[in-house]
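Peer 1: have a look; sequence and predicted model below, questions after that.
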Amino acid sequence: MGQNRRDFLGLSATLLASAGLGASLKAQEHDHGGHGESSSPKRHLTRVEDPKRVLSPATVITPQEGKNYNPVVTLNGWTLPYEMKEGVKEFHLIAEPVVREFAPGMVVNCWGYNGTSPGPTIEAVEGDRVRLIVTNKLPEHTTIHWHGLILPNGMDGVGGLTQPQIAPEETFVYEFTLVQSGTFMYHPHADEMVQMAMGAMGMFIIHPKNPKEHRVDRDFCFLLSSYDIAPGTYTPNPSTMTEFNLWTFNSRVFPGIDTMNVRVGDRVRIRVGNLTMTNHPIHMHGHTFEVSCTDGGWVPKSARWPEVTTDVAVGQMRAIEFVAKHEGDWSIHCHKSHHTMGPMGHSIPNMIGVKQDDIAQKISDLLPDYMYMPMGKSGMAEMSDMADMGMALPENTLPMMSGQGPFGPIEMGGMFTLVKVRKNQPKGDYSDPGWYTHPSGTVAKKR
Ligand SMILES: [Cu+2]
């Protein structure tokens, strides 16, 4: 946290300058995983000067005012800088293998853009002419589809249909004028099953031409993505169709996901895009919100209605808006309960009501290499801090439920984070205020 925008320009410049080298980098990136080099299979990474940064860039939590728009805050992400070239905003995207830290304790071999997965958010303004220069450093061909954008057919990025595939090491140029505003995405339209399962995707935000239109104080965005990564391994299985085991906001799992920190009275927008293979009912506590923008653009005010959960189907984008009125640490999460669980919570024996005593210990004494992890006798909650209970996790594997709150384990491990609403958050300072201090007499208690 606390990184400023300049760092990001620096990061990106480094990436751009170094990406051409395309050299592979050994296991230097292991600053978080806590495992030795011996455990790391060979991987091809883009050479960067500071790989730690690329693992998990700190979010720009207090974006500076743009000239004519208020920039978005991408959770655990960043915005791609551009260069102005004769009236055209020129962006460089490099599709490449990257290493993403999903949360402290787990790094993943992903495919992404400019060093991160998801790739950087592209931000521009309605009416802008944009030039998107795409270099392919992936081991196979790719393209980029600009999901939701109205553009000339030949710029639509569908490999084989509207353009030739971009072969490894080739560079293609997309150029068009932005004729709409709203929340969009970009992703490959080439070997989609593999490339999206590996994390190749990003957001594309177009701000309205009139900065007074749809103005908010805080504008957050993130993508929903899912992965199938077997416990003890590092690389997603791209052939998985439905049985994913890691459910993420911007390729991060709770408690590794940034919180959204706002002041009482702020008008807040949260933009969500779904590039998983299932729908996600996104639920927020403590406030009602309205869906202000969909894939198709802004919803007229007269057509909005209040709700606390909105379903984001596959391929959809939704922006919700509300005025932060109620102080507190409010949960925002997918309401499918499996989607707030880490990889160890799935496909395990049902042991509710079964007396097990120390059976897990006995089995692992007999079969030390076999990971036996049944459900607890009275449910899963007893397993929430199994790491604390001396149960070893496979390497590079997160517990199924985690996150320590002020009152104990939060028991969430996937698509879950917090909206932190504070009265005395200093103006312009949107750093994490810590846990909410409840006024006396306002916390549920034992009678
Ligand atoms: Cu979900």
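Peer 2: Arrived safely, thanks for sending.

Peer 1: quick one: residue 193 is in a helix?
Peer 2: Yes. In this structure, residue 193 lies within a helix as judged by DSSP: H, G, I helix; E, B strand; the rest coil.

Peer 1: and the stretch 201-350 of the chain, which residues reach the ion?
Peer 2: 280, 334, 336, 339 (C-beta under 5 Å from the ion). Any C-beta I mention is one placed from the backbone N, CA and C, and that applies to glycine too.

Peer 1: 8 Å instead?
Peer 2: By the rule C-beta under 8 Å from the ion, the part of the stretch 201-350 of the chain lying against the ion is 224, 247, 276, 278-282, 334-336, 338-340.

Peer 1: which among these end up buried?
Peer 2: Buried by 16 or more other C-beta atoms under 10 Å: 224, 247, 276, 279-280, 282, 334, 336, 339-340, out of those.

Peer 1: among these, which pair sits farthest apart?
Peer 2: 279 and 340 (15.0 Å; C-beta to C-beta).

Peer 1: give me the below-cutoff pLDDT ranges for this structure.
Peer 2: Within the chain, the stretches with pLDDT under 70 are 1-67, 343-364, 367-392, 400-401.

Peer 1: pull the longest strand from it.
Peer 2: strand 88-103 (DSSP state E).

Peer 1: now the helices for the stretch 151-300 of the chain?
Peer 2: 192-197 (DSSP state H, counting those that start in this stretch).

Peer 1: excluding chain neighbours, what is closest to the residue of it found nearest the ion?
Peer 2: When scored by C-beta to the ion, the stretch 151-300 of the chain has residue 280 as its residue closest to the ion, at 3.4 Å. Nearest non-adjacent residue to residue 280, counting by C-beta to C-beta, 6 or more residues apart in numbering: residue 334, 4.4 Å away.

Peer 1: quick one: residue 113 from the ion, how far?
Peer 2: From residue 113 across to the ion, the span is 24 Å (C-beta to the ion, to the nearest Å).

Peer 1: partner residues bridging that residue?
Peer 2: residue 95, residue 116 (DSSP bridges).

Peer 1: hmm, the residue of the stretch 151-300 of the chain closest to the ion is touching residue 339, no?
Peer 2: Yes. Residue 280 lies in contact with residue 339 (C-beta atoms under 8 Å); the separation is 6.5 Å.

Peer 1: so what's in contact with those two at the same time?
Peer 2: Common contacts of residue 280 and residue 339, defined by C-beta atoms under 8 Å, 6 or more residues apart in numbering, comprise residue 415.

Peer 1: count of neighbours near residue 90?
Peer 2: Residue 90 is flanked by 16 other residues according to other C-beta atoms under 10 Å.

Peer 1: one more: residue 436?
Peer 2: 15.

Peer 1: please apply the same query to residue 242.
Peer 2: Around residue 242 there are 8 residues (other C-beta under 10 Å).

Peer 1: contacts only, for residue 154.
Peer 2: 162-163.

Peer 1: how about the contacts made by the residue nearest to residue 280?
Peer 2: So residue 334 contacts 224, 247, 280-283, 340, 414-416 (C-beta under 8 Å, 6+ apart).

Peer 1: domain map for this structure?
Peer 2: Structurally, the chain divides into domains by automatic domain parsing as follows: 5-206, 347-399.

Peer 1: ok so, going back, for the residue nearest to residue 280, name its beta-bridge partners.
Peer 2: According to DSSP bridges, the partner residues bridging residue 334 are residue 282.

Peer 1: do a quick rundown of the helices in the stretch 1-150 of the chain.
Peer 2: So, for the stretch 1-150 of the chain - with DSSP H, counting those that start in this stretch - the helices run 5-19, 51-55.

Peer 1: roughly how far does residue 103 sit from the ion?
Peer 2: 17 Å.

Peer 1: excluding sequence neighbours, find me the nearest residue to that residue.
Peer 2: The spatially closest residue to residue 103, leaving aside those adjacent along the chain, is residue 256, at 2.9 Å (C-beta to C-beta, 6+ apart).

Peer 1: repeat that for residue 193.
Peer 2: Closest residue in space to residue 193, ignoring its immediate chain neighbours: residue 238 at 6.1 Å, by C-beta to C-beta, 6+ apart.

Peer 1: quick one: contacts for the residue nearest to residue 394 when sequence neighbours are not counted?
Peer 2: Leaving out its chain neighbours, the residue that sits closest to residue 394 by C-beta to C-beta, 6+ apart is residue 232, at 3.3 Å. Residues near residue 232 by C-beta under 8 Å, 6+ apart: 371, 394-397.

Peer 1: closest one of the residues you listed to the ion?
Peer 2: For those, the nearest to the ion is residue 397 (20.5 Å; C-beta to the ion).

Peer 1: for the closest one, grab the count of nearby residues.
Peer 2: Number of residues near residue 397 (other C-beta under 10 Å) recorded here: 19.

Peer 1: count of neighbours near the nearest residue to it once chain neighbours are set aside?
Peer 2: Counting by C-beta to C-beta, 6+ apart, residue 397 lies nearest to residue 231, which is 4.3 Å off, once chain neighbours are set aside. Neighbour count for residue 231, taken as other C-beta under 10 Å: 17.

Peer 1: residue 422 versus the most centrally placed residue in the chain, what's the distance?
Peer 2: Note on the chain: the residue nearest the mean C-alpha position is residue 250, at 0.6 Å, using C-alpha atoms, centre = their mean. With distances taken as C-beta to C-beta, to the nearest Å, residue 250 is found 23 Å from residue 422.

Peer 1: so how far is the first residue of stretch 173-192 from its last?
Peer 2: Using C-alpha to C-alpha, to the nearest Å, one end of stretch 173-192 lies 20 Å from the other.

Peer 1: now it: buried residues?
Peer 2: For stretch 173-192, by 16+ other C-beta under 10 Å, it's 174, 176, 178, 180-192.

Peer 1: how far away from the center of its chain is it?
Peer 2: 18 Å (C-alpha atoms, centre = their mean, to the nearest Å).

Peer 1: stretch 402-409 now?
Peer 2: Here stretch 402-409 is found 22 Å from its chain centre; the criterion is C-alpha atoms, centre = their mean.

Peer 1: check stretch 321-341 too.
Peer 2: 15 Å.

Peer 1: do the same with stretch 230-246
Peer 2: 17 Å.

Peer 1: residue 295 reaches residue 314, doesn't it?
Peer 2: No. Contact between residue 295 and residue 314 fails when scored by C-beta under 8 Å: they sit 11.4 Å apart.

Peer 1: with neighbour numbers in mind, choose between the two.
Peer 2: residue 295 (17 against 12).

Peer 1: contacting residues around the closest residue to residue 190 other than its chain neighbours?
Peer 2: Nearest non-adjacent residue to residue 190, counting by C-beta to C-beta, 6+ apart: residue 159, 3.8 Å away. Residue 159 is in contact with 141-143, 165-166, 188-190, counting by C-beta under 8 Å, 6+ apart.
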